[in-house]
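>>> 3D model of this:
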Amino acid sequence: MYEDEKENLKKFRNYIVQIIRPSNIKGFLTTYLETAVVERILSEENRSVTTAAELLLGKMCDLEEMGWFQGFLDALLEGEYNGLYNAIKEWDFKEIERMSTYKKLLERIEASFTKQIKPCEIITRMTDCFVSREVEEIRATDEQKGHIAAAEKLVECLKRSDRSNCFKLLLLALEHCDNTELLQLLDPERESAEEKMEIDVGTTTVVFQYREQAECASSLNSANWNQAQEGSTGLAGGVTLGRYRLREYQKELAMPALQGKNTLICGPTGCGKTLVALAICEHHLRSKSEAKIVFLATKLVVYEQQLRLFLEYFNSTDAGIRIKGVCGDMEDQVSMDVIVEGNDIIVLTPQILLNALNKGTVPSLSVFTLLIFDECHNATRKHPYNMLMGRYLDSKLSQQHQTLPQIVGLTASVGIGTFRNSQEAEMNICQLCANLDTRIISTVNNNKEELQSFVHIPEKDFSEVEKLANDEFVSIIRNIMVYIESQARRWYDIGSLSNLQTSEHGTQKYEQWIVDIQKKCKVLQLEDKEEESRVCRALFNYMGHLRKYNDALIINEDARTKDALNYLEDFIKQVKDAGFDEIEQELTARFEEEHHLLAMLSQRRDRDNPKLTRLKFILDEQYTQDEETRTLLFVRTRALTEALKNWIEETDSLRFLKPTVLMGSSGSGMTQTYKKGILQSFKKPSDQSKILIATSVADEGVDIPQCNLVLMYEYIGNMIKTVQVRGRGRAKGSKCILISSRKERIEKERQNMLQEKMVEKAVARLQTSQEHMLQTIESLQKSDKTTRDYEKSAPVNPRTEENHKLLCAKCKKFACFSDDLRVLKESQHIVLDKSIFERSIASPHPRPRKYMGIMKEKKLFCANCHEDWGIVASYRHLQNLPLLKIESFVVESCVTQQQRYFGKWKEVTFVIKPFIVEECL
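Purely as a prediction, here's the structure:
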């Protein structure tokens, strides 16, 4: 994999090593290269930057890990190598090559140049030509060693620059400093002042070409826009995006927002809503002094995608626009007030902004002039979008006289909530508008024909298959589950623990019953505490095994018996490799009694799953008709992604598809860089992956323009999910097929499609009855504010100083006292009492990394039952700090002995003192 990329890196090696400085992308080095290699490269850089870059490039060409190439591109952007990023992304080094003439000229006159300039005067007028670190180094050198040494450093940086406009800006800077002699040396043909004014001070325009075919790899290349006519002057000649004119339907979507109105933009997936947002941002920046824009994205994959698009676009049109993205762990590495102050556009995940407002690092939303909510249909209930807008509306309705930002929402559907008729649909839409404070729903009404000619709505089909008849494999698994249930009842009356009724094995409802039992076990109290510990641990073990067997039945129904058995074998091996107490020995022995027969049944050739047979038929037919097909296969569970991947790889006629999987980060081991690499591989028109098997992580906002077949494998949801999933098929002639053996699921999907039509009619009615819509929105906003005010006024119980025990949630063994807990940076909870290590065991962390200045080094487990308690970390010079996660514990009052379970640290009822380094000395 990545053979093409490696060949191109070798091909353009001479350009790359003359630009890149490895220490500027140190994050990439430490992620993908061994520590010894990183140290060698950085050591070599002290002697020769070019040699260090050569060494780095050589090591990169040996990499095989998924996602490394995308990680390299991301590191270039993060390291401010925008020109090199664009060159490598498109494999077009013409701009880099064009700069070589100027670099050679600068090298010739370097001796004169370094003696005649004042570097600090020059760089103040051309900071955009350098990496931020280089500007600081030049200034520091000037202060410590003088002008000539700083000038030599400036020349060195210019010769390694990848900014195509740097020499034009250098000429302008020299002209401003009246350095005529150097101007003549660098540009002997300079003539009149009139001609001097014609120098383009912006970056060289990158020409993006729209293609309707699926070959385009770049987000911008595949974008829905038309090139503007020569001489177009922005809005005076129509709505334009840089040098590109929006299509008529995109102008229609953008117009209310361009007029400064709070607008909810609703357009089908693939119509270019992000490009409309770019146009709105560009117009806003031009027309409003001190403009400050926030673009919000709900998922990390979408955040990365949108940030890259913003950087690509503005780097190619106006490099002076300062853009920064913040998400996830980055929140603790940056100061939000500095980010807001120092940038024009900030791309965020919403929780980051909400946290900054709560902490006061961002004083209020009034510091911004425009907020854009991507996938704005999420602005409901307790979602961070709605929490942010609650603050906005409280300021507005309380008449605090703050200047609030313009609001723009982007979505493919406004059909939120549940509704049975058009009146209820209208009310839900008004509720969404009230939450977002938008009075206008902008849809395409006047340019529908143009929209339909460019945006291809996939044809929806249903493929109902017969159910897999129960066989001996299923019977054996169910008998084992009945045996486990009976064993659990010998320890405790599990029926009394849950109000849920036990459902049929192999269903989601049965899993809900198991989860409910486990929750109740955590706070189960008996007079005999030792007995309580034994009972709770036993029930946890039994329920854990039942859950795995239930998963296996679901896999067997949707994939192969072989895959279900593999899933169970992996689980049993993990159990044996862990604590393996008496109950687990008993349960594994029960499995091994049946293993031989189960293995024989899993190898039967006369029993194919009808769903897999139908899936194979669809794929065979599609790839026979179009071998360039890109398929997105949605499944319900992570276990099923692996099962179907294995099935495709082991099926002769499908092996060429080279399947890859995409799922959420939590518990899957998939880093953001890895996921970006997966998506990048899938998007490429090459012999790499032709099918992506994904869970819900890919159903919203992920841009895959080449996808022309979407398969929903027993995968359904609400109406918005139907619109989002179907919209992943962007290419002309796309198809979306639901494969299911359950009539109720097919009927639910048909109902979703009817509701989609209902929502379209409801929107049209609201657009024609504006006064009624406004009255409804105002009424809803007042009602919602009353509710928020009531919730705020409700008395908050103060946290008690009372001491509590933290007991293992699985076995109820004592871990530590709450008085020994300290909180670091408001979110990390450290145990000062080192005797906790006598009650726990630690093992090397599978993914050690640093966050918030804390280095994760080990995993911490209960010594009795091996429940995951948290991590062991180092902070500053302090080693072996145990950091706990509260969901692994039950909290017992030392006064009342009452036990409670808290899912989050913020919910605990006792005081936790702040962490002070001196206490650990």
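
>>> which one's the longest helix in this structure?
helix 529-558 (DSSP state H).

>>> which other helices and strands contact whichever helix or strand comes after that one?
Later in the chain than helix 529-558, the nearest helix or strand by DSSP states H and E is helix 561-577. Applying 3 or more CB pairs under 8 Å, 6 or more residues apart in numbering; DSSP states H and E, one finds that helix 561-577 contacts helix 472-491, helix 529-558, helix 582-602, helix 638-649. All C-beta spots, glycine's among them, are computed from the backbone N, C-alpha and C.

>>> Which positions in the first one come out as buried?
In terms of neighbour count (16 or more other CB atoms under 10 Å), helix 472-491 has its buried residues at 473-474, 476-478, 480-481, 484-485, 487-488, 491.

>>> Point out where the stretch 451-600 of the chain drops to low pLDDT.
Applying pLDDT under 70 to the stretch 451-600 of the chain flags residues 579-580.

>>> looking at the helices and strands packed on helix 561-577, which is closest to residue 148?
The minimum distance between residue 148 and the helices and strands packed on helix 561-577 falls on helix 638-649, with 61.2 Å, by CB to CB.

>>> about what we covered before: now render the buried residues of helix 472-491 as TSV, adding distance to residue 22.
As requested, the buried residues of helix 472-491 are arranged in TSV below (distance: CB to CB, whole Å):
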residue	distance to residue 22
473	55
474	57
476	58
477	54
478	58
480	56
481	56
484	56
485	59
487	59
488	58
491	59
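
>>> Out of the residues you listed, the closest to residue 126 would be?
Set against residue 126, the nearest of those by CB to CB is residue 477 (70.0 Å).

>>> So, low pLDDT: which residues of this protein?
For the chain (pLDDT under 70), the answer is 1, 128, 187-244, 329-333, 579-580, 606, 664-687, 697-706, 718-732.

>>> For the residue most central in space within the chain, give me phi and psi.
When CA atoms, centre = their mean is applied to the chain, the residue found nearest the centroid is residue 300 (1.2 Å). Reported as degrees, to the nearest 10, the phi and psi values for residue 300 are phi -60, psi -40.

>>> Need the residues that contact the strand or helix carrying residue 114.
Using DSSP H and E, residue 114 maps to helix 110-116. Residues from elsewhere that reach helix 110-116, judged by CB atoms under 8 Å, 6 or more residues apart in numbering: 106, 148, 151-152, 155, 179, 181-182, 185.

>>> returning to what we had before: if I look at the residue nearest to the centre of the chain, how far off is residue 182?
Going from residue 300 to residue 182 by CB to CB, to the nearest Å gives 48 Å.

>>> Repeat that for residue 356.
Separation of residue 356 from residue 182 (CB to CB): 46 Å.

>>> What about residue 36, how many residues nearby?
Residues within reach of residue 36, counting by other CB atoms under 10 Å, total 8.

>>> any idea how far residue 53 is from it?
18 Å.

>>> before we move on, the earlier item: any chance of the helices and strands packed on helix 561-577 in JSON lines, with distance to residue 617 too?
Output for the helices and strands packed on helix 561-577, formatted as JSON lines (distance: least, CB to CB, whole Å):
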{"stretch": "helix 472-491", "distance to residue 617": "24"}
{"stretch": "helix 529-558", "distance to residue 617": "16"}
{"stretch": "helix 582-602", "distance to residue 617": "23"}
{"stretch": "helix 638-649", "distance to residue 617": "14"}
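
>>> and of those helices, who's closest to residue 907?
In terms of CB to CB, the element of these nearest to residue 907 is helix 529-558, at 21.0 Å.

>>> quick check, distance from the closest one to the centre of its chain.
The chain centre lies 32 Å from the centre of helix 529-558; the measure is CA atoms, centre = their mean, to the nearest Å.

>>> where along the stretch 101-250 of the chain do the strands fall?
226-227, 240-241, 244-245 (DSSP state E, counting those that start in this stretch).
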